[in-house]
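Novice: Predicted model and sequence below, questions to follow.
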Amino acid sequence: MQRIPLFSTVLLLALAFTLVSREPQTDPRLKKASRAPERSGWIQVRLEGSPAEIGFQHGYLLASEIQDNYKEISTELTRGEKKDWAFFRKTAQEVLWPHIEPEYRQELTGIVEGLKAKGANLDVWDIVAMNAWLELPYYDKWLDKSRPNTTADHCSAFVATGKYTKDGRPVIGHNNWTSYASGERWNIIFDIRPASGAHIIMDGQPGLIHSADDFGINAAGIAITETTISGFSGFDPNAVPEFVRARKAMQYATTIDQFAQIMTQGNNGGYANTWLVADARSGEIASLELGLKNVTLQRTRDGFFVGSNFPANPKLVKEETDFDVNDKSKSENARHARWLTLMEQNKGKIDVAAGQRFLADHFDSYEGKIDPSERTLDGHIDLSPRGMGNWQAPYAPAGAVQNKVTDAAGIEKMSLTAALGHACGMRFKAAEHLAQHPEFAWYEPILHDMNARGWARFTAAK
């Protein structure tokens, strides 16, 4: 028998390995998907097809980022809730999965398949728990009635129209408040063209099928964002997960009424938010304060709505929160006051550029001076001796982590402006912070520098 030379054998083995490792790239599910080069820190991915195809594309194109995000989420969630990851996997399987409709089950499962094609070993319960990381603390508090409500406050946002904007049409903006470890990973621009429903562009985290801080635009001319309701408690384990309703509303709402209907039907109370919505076609804007027991929908074609984690409906405040509306020193109330001032000062002048300035604002309305902290629209909890919400420890590495603004013309083009890091331009240096505050040493394996990258525009593919 003729022997194959050793060198040839090595070449054949290398070729075989290359073919195997490259094989998923020829998978027909990837034909309409793409990942653009990083721009201003953002990674834009284009996903298209059936739910399973979109999921596979997501998992495959963002495999390394999903694994990194899993490490961050599992670290913070298990430490914050004092439960091991097995608890959250079990919750994903037994509490959440039964109430996830088939379309999104297929997409979540598709993510796992895409990850497997890249050699990752996360399973569907890991991915479901990651998608629900913002609402799992609500379930945890509901489960353990003796625990105080320490769910996080997130975000500052506005939406304006009519006499308040420069062109009389809607303008909407939002900055995301979270830990810097989480925020540095909130850098995906998803451009999703699903087989059913509307084309979507939204920001998000790798591995999540919803935006999570919930800034997005759909091809029906609807733009959506939100801020959490501070001090909220309540959860219905027999209802639909918030992350499913949020994605469904982004994908299927063609009117403000449809958005409200999707968000309220099967509401589980998880990650309770005040939602701000703009309809570029009609010029109407709305605020949906979505408690578990109390739901308030307001709308206008000439005015504004703002969000900074403050609950507005007195009945909701009394029945579903422990929030003190009279404490003007609280971040939520101070930021609310600042929003009201900015809206009136800029009446008739609000546009994208103004929105970008608002999200970089450092005026503390309680102290009456410029002082970047947890009381300013561009939040800097890492600079504050007071802390806030579930970040009660002073100088916690948290605050505003990224920003988005668009107007009616942008909504019609499915286009938004976005900036990673603080909109003010200040940079967070992890090593410096940990050296000054060793009480946060546990963050070291997952905490990155958070640079301010400036504004960039992203537009959905045609």
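Specialist: Yep, it's here.
Novice: Arg375 and Asn309, how far apart?
Specialist: With the distance defined as CB to CB, to the nearest Å, Arg375 ends up 12 Å from Asn309. In short, each C-beta sits where N, CA and C put it, glycine included.
Novice: Which parts of the stretch 201-350 of the chain are helices?
Specialist: 242-252, 256-264, 314-320, 331-345 (DSSP state H, counting those that start in this stretch).
Novice: picking that back up, common neighbours of Arg375 and Asn309, please.
Specialist: Both Arg375 and Asn309 are contacted by 331, 335, under the criterion CB atoms under 8 Å, 6 or more residues apart in numbering.
Novice: Mind putting the helices of the stretch 201-350 of the chain into CSV with mean neighbour count, mean pLDDT and distance to Trp97?
Specialist: Compiled in CSV, these are given as follows (neighbours: other CB atoms under 10 Å; pLDDT from 0 to 100; distance: least, CB to CB, whole Å):
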stretch, mean neighbour count, mean pLDDT, distance to Trp97
helix 242-252, 25, 98, 10
helix 256-264, 18, 98, 20
helix 314-320, 16, 97, 26
helix 331-345, 20, 97, 34
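Novice: Spatially nearest residue to Asn273 (excluding sequence neighbours)?
Specialist: Glu226 (3.9 Å; CB to CB, 6 or more residues apart in numbering).
Novice: List the contacts of the one you found.
Specialist: Here Glu226 is in contact with 155, 157, 174, 213-214, 273-276, 307 (criterion: CB under 8 Å, 6+ apart).
Novice: That one pairs with what?
Specialist: For Glu226, the beta-bridge partners are Trp275 (DSSP bridges).
Novice: need the helices of the stretch 201-350 of the chain in CSV with distance to Ser40, can you?
Specialist: Converted to CSV, those look like this (distance: least, CB to CB, whole Å):
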stretch, distance to Ser40
helix 242-252, 23
helix 256-264, 29
helix 314-320, 38
helix 331-345, 25
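Novice: Only C-alpha atoms, please: export the top helix by length along the chain in CSV.
Specialist: For the chain, the helix with the greatest residue count under DSSP state H is helix 63-81. What follows is helix 63-81, C-alpha atoms only, in CSV (Å, rounded to 0.1, in the frame of the first residue of the first chain):
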residue,chain,number,x,y,z
ALA,A,63,-20.9,34.6,19.6
SER,A,64,-17.9,36.1,21.4
GLU,A,65,-19.8,39.1,22.6
ILE,A,66,-22.7,36.9,23.9
GLN,A,67,-20.3,34.8,25.9
ASP,A,68,-18.7,37.9,27.4
ASN,A,69,-22.1,39.4,28.1
TYR,A,70,-23.1,36.1,29.8
LYS,A,71,-20.1,36.5,32.1
GLU,A,72,-21.1,40.0,33.0
ILE,A,73,-24.8,39.4,33.6
SER,A,74,-24.3,36.2,35.6
THR,A,75,-21.7,37.9,37.8
GLU,A,76,-23.8,40.9,38.6
LEU,A,77,-27.1,39.1,38.9
THR,A,78,-25.9,36.4,41.2
ARG,A,79,-24.1,38.8,43.4
GLY,A,80,-26.9,41.4,43.5
GLU,A,81,-29.7,38.9,44.1
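Novice: can you pull the buried residues of it?
Specialist: Neighbour-count burial for helix 63-81, with 16 or more other CB atoms under 10 Å as criterion, is recorded at 63, 65-70, 72-77, 80-81.
Novice: if we can go back for a sec, closest to Asn403 out of the contacts of Glu226?
Specialist: Distance to Asn403, by CB to CB, is smallest for His174 among these, at 7.2 Å.
Novice: one step back: the helices of the stretch 201-350 of the chain: which one's closest to Asp407?
Specialist: helix 331-345 (15.5 Å).
Novice: residue boundaries of the strands in the stretch 51-200 of the chain?
Specialist: 156-161, 171-179, 188-194, 200-204 (DSSP state E, counting those that start in this stretch).
Novice: Please find the angle between the direction vectors of the longest helix of the chain and strand 188-194.
Specialist: 110 degrees (axes from the mean of the first three to the mean of the last three CA atoms, to 10 degrees).
Novice: what does helix 63-81 contact?
Specialist: 43, 59, 83-85, 87-88, 111, 114-115, 117-120, 122, 126, 129-130, 133, 136-137, 140, 179, 181-182, 185, 188, 205-207, 390, 442, 445-446.
Novice: and that helix, how far from the chain's centre?
Specialist: 15 Å (CA atoms, centre = their mean, to the nearest Å).
Novice: mean confidence for it?
Specialist: For helix 63-81, mean pLDDT rounds to 97.
Novice: Repeat that for stretch 360-379.
Specialist: Mean predicted lDDT for stretch 360-379 stands at 98.
Novice: end-to-end on it?
Specialist: 9 Å (CA to CA, to the nearest Å).
Novice: quick one on the thing from earlier: with respect to Leu290, which of the helices of the stretch 201-350 of the chain lies nearest?
Specialist: Across the helices of the stretch 201-350 of the chain, closest to Leu290 is helix 256-264 (CB to CB), at 5.9 Å.
Novice: Spit out the contact partners of Ala431.
Specialist: By CB under 8 Å, 6+ apart, the neighbours of Ala431 are Asp449.
Novice: Wait, a helix at it?
Specialist: Yes: under DSSP: H, G, I helix; E, B strand; the rest coil, Ala431 sits within a helix.
Novice: how far away is the nearest residue to Arg427 once chain neighbours are set aside from Glu332?
Specialist: Closest residue to Arg427 apart from its sequence neighbours, by CB to CB, 6+ apart: Asn451 at 5.1 Å. As judged by CB to CB, Asn451 and Glu332 stand 28 Å apart.
Novice: What of Phe243?
Specialist: Distance from Phe243 to Glu332, by CB to CB: 23 Å.
Novice: Which residues does stretch 354-372 contact?
Specialist: 156, 158, 166, 171-175, 328-329, 333-335, 337-339, 341-342, 346, 373, 375-378, 380, 383, 400, 403, 405, 417, 419, 422-426, 455.
Novice: go on, stretch 330-338?
Specialist: Contacts of stretch 330-338 (CB under 8 Å, 6+ apart): 153, 156, 230, 306, 308-310, 323-325, 327-328, 361, 363-366, 374-377, 379, 388-389.
Novice: ok, Asp84 - how many residues close by?
Specialist: Using other CB atoms under 10 Å, Asp84 has 11 neighbouring residues.
Novice: Tell me who's in contact with the residue nearest the centre of the chain.
Specialist: Nearest to the geometric centre of the chain sits Asp213, at 2.3 Å (CA atoms, centre = their mean). The contact partners of Asp213, by CB under 8 Å, 6+ apart, come to 154-155, 174, 176, 178, 186, 203-204, 225-226, 402.
Novice: With Ala408 instead?
Specialist: Taking CB under 8 Å, 6+ apart as the test, what Ala408 contacts is 167, 169-171, 278, 280, 283.
Novice: repeat that with 6 Å
Specialist: 169-170, 280 (CB atoms under 6 Å, 6 or more residues apart in numbering).
Novice: Kindly reformat those residues as a markdown table containing pLDDT and distance to Gln356.
Specialist: Below are these laid out as a markdown table (pLDDT from 0 to 100; distance: CB to CB, whole Å):
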| residue | pLDDT | distance to Gln356 |
| --- | --- | --- |
| Arg169 | 98 | 17 |
| Pro170 | 99 | 16 |
| Ala280 | 98 | 19 |
